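> predicted model and sequence below, questions to follow.
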Amino acid sequence: MGVIFLFIHTFKINLKLVTFILITVILLSSIFIFYSFATDITQEDANKKDFIKWVDFNVSYDALKLTAKLDIKSHTENSSPTYNWIELLAYLACQNGGNFKNFKKADLDKLTEKLENGKTIESLTQNLKLYNYYYESYSAVLSEFIGTYSFTNSDGTIAEKYGIKAFSPIAKNYYFTHYDDFGNSRSYGFKRVHLGNDLLGSIGTPIIAVESGIVEHLGWNQYGGWRIGIRSFDTKRYYYYAHLRKNHPYAENLSEGMTIQAGDVIGYMGMTGYSIKENVNNVNIPHLHFGMQLIFDDSQVDSPNEIWIDVYQIIEFLKQNQSEVYMSNKETKDYSRK
């Protein structure tokens, strides 16, 4: 009888244990299924959001230069019609599928002739299905490159002017060379494509803020070395400046969260990076890696959904507006804009 009682007692304990384990497994499975379902819904909702998910920016230097000239001239001379270079570029993109490789001035002349003869950009584009896409995409890239900006005269007075208000990332009177290396292969760390443009020059060359914005990132990155990340005020653009100078990479007093004005000195060219260890020159040639990321939705920040564009033609365009600098601190050899 004692053996039977012990068996029954043990069986009850094991049954309770088995029941507890089963209930625990069921609860954990339910939580996992619910989480997976919720995650799928969240991802599905993100995929359904109506925002631009990819941009191939292939606008040529000539197209940028000619449309910008029309825009600026029509505004400064108060002529009619008043041109908007982004509207002109978006219309042309609808005609060439966004590929400006074979762009000719005659293409732009045909458009301006229609506008001068009374047509409006609205009437010309109302049946172009991709016009809104190109307009929004190009606006995300170029919206703060041309417009009204303030400047200081030689007598100290403040004046305003309409024109190019973005700057070359390299200071005036400093030599650099580059070629279109966007998409080239890179192998440090892992095989990947190059998402920027390398501007080759001399160590210590002053680096300039292309556009006004907020300093979002400073510090060491094993790929980019000492780097700077600046977000535009409208949050659409993130500018990335990398491989800055060893020991003294940044302009004096530069800090995260600081407001930067277009044309300000922000750092100095170097050859740091390709190292987990900080402050190491492992890049073979002194250069600035310059990149631009577009952000249409928060899901495109620090994720596989990032949009980086080819900035080679933009840098060529901005050569006409370089910030003039001077040595403002001889002891630290820091530079400031004039």
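It's in. Predicted model, so just to flag it, every value in this text is computed and none were measured.

> show me the strands in the stretch 151-300 of the chain, by range?
Using DSSP state E, counting those that start in this stretch, the strands found in the stretch 151-300 of the chain span residues 158-164, 185-186, 192-193, 197-200, 206-208, 213-221, 225-232, 237-242, 259-260, 265-268, 287-294.

> could you give the average pLDDT over stretch 126-144?
Averaging pLDDT along stretch 126-144 yields 97.

> please identify the buried residues of that stretch?
128, 131, 133-144 (16 or more other Cβ atoms under 10 Å). (C-beta placed from N, C-alpha, C; glycine too.)

> please, where are all the strands along the stretch 1-150 of the chain?
146-152.

> got any ranges where it has weak pLDDT?
Along the stretch 1-150 of the chain, the parts satisfying pLDDT under 70 run over 1-48.

> hmm, 80 instead?
Low-confidence segments of the stretch 1-150 of the chain (pLDDT under 80): 1-49.

> so where do the helices sit in it?
Here the stretch 1-150 of the chain has its helices, by DSSP state H, counting those that start in this stretch, at 2-48, 61-76, 85-96, 105-116, 121-125, 131-142.

> got the angle between the last one and strand 225-232?
For helix 131-142 against strand 225-232, the angle by axes from the mean of the first three to the mean of the last three Cα atoms, to 10 degrees is 130 degrees.

> remind me what helix 131-142 packs against, helices and strands.
With contacts taken as 3 or more Cβ pairs under 8 Å, 6 or more residues apart in numbering; DSSP states H and E, helix 131-142 sits against helix 85-96, strand 287-294.

> what sits up against the first one?
So the one you mean is helix 85-96. Contact with helix 85-96 is made by 59, 63-64, 67-68, 70-71, 100, 102-103, 107-108, 111-112, 121, 124-125, 128, 130-131, 134-135, 138-139, 142-143, 146, as judged by Cβ atoms under 8 Å, 6 or more residues apart in numbering.

> can I get the buried residues of stretch 126-144 in CSV with distance to R231?
Below are those laid out as CSV (distance: Cβ to Cβ, whole Å):
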residue, distance to R231
L128, 32
Y131, 28
Y133, 23
Y134, 24
Y135, 22
E136, 19
S137, 18
Y138, 19
S139, 17
A140, 13
V141, 15
L142, 17
S143, 14
E144, 12
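
> out of these, which is nearest to P286?
Using Cβ to Cβ, V141 is the member of the buried residues of stretch 126-144 that lies nearest P286, at 27.6 Å.

> surely that closest one is in contact with F57?
Yes - counting by Cβ atoms under 8 Å, V141 does reach F57; the two are 5.7 Å apart.

> returning to that earlier point: can you tell me which of the strands of the stretch 151-300 of the chain is packed in deepest?
Neighbour counts (mean count of other Cβ atoms under 10 Å) averaged over each of these peak at strand 206-208, with a mean of 28.

> check which helices and strands it is in contact with.
strand 265-268.

> just how off-centre is the strand it packs on within its chain?
In terms of Cα atoms, centre = their mean, to the nearest Å, the centre of strand 265-268 is found 18 Å from the chain centre.
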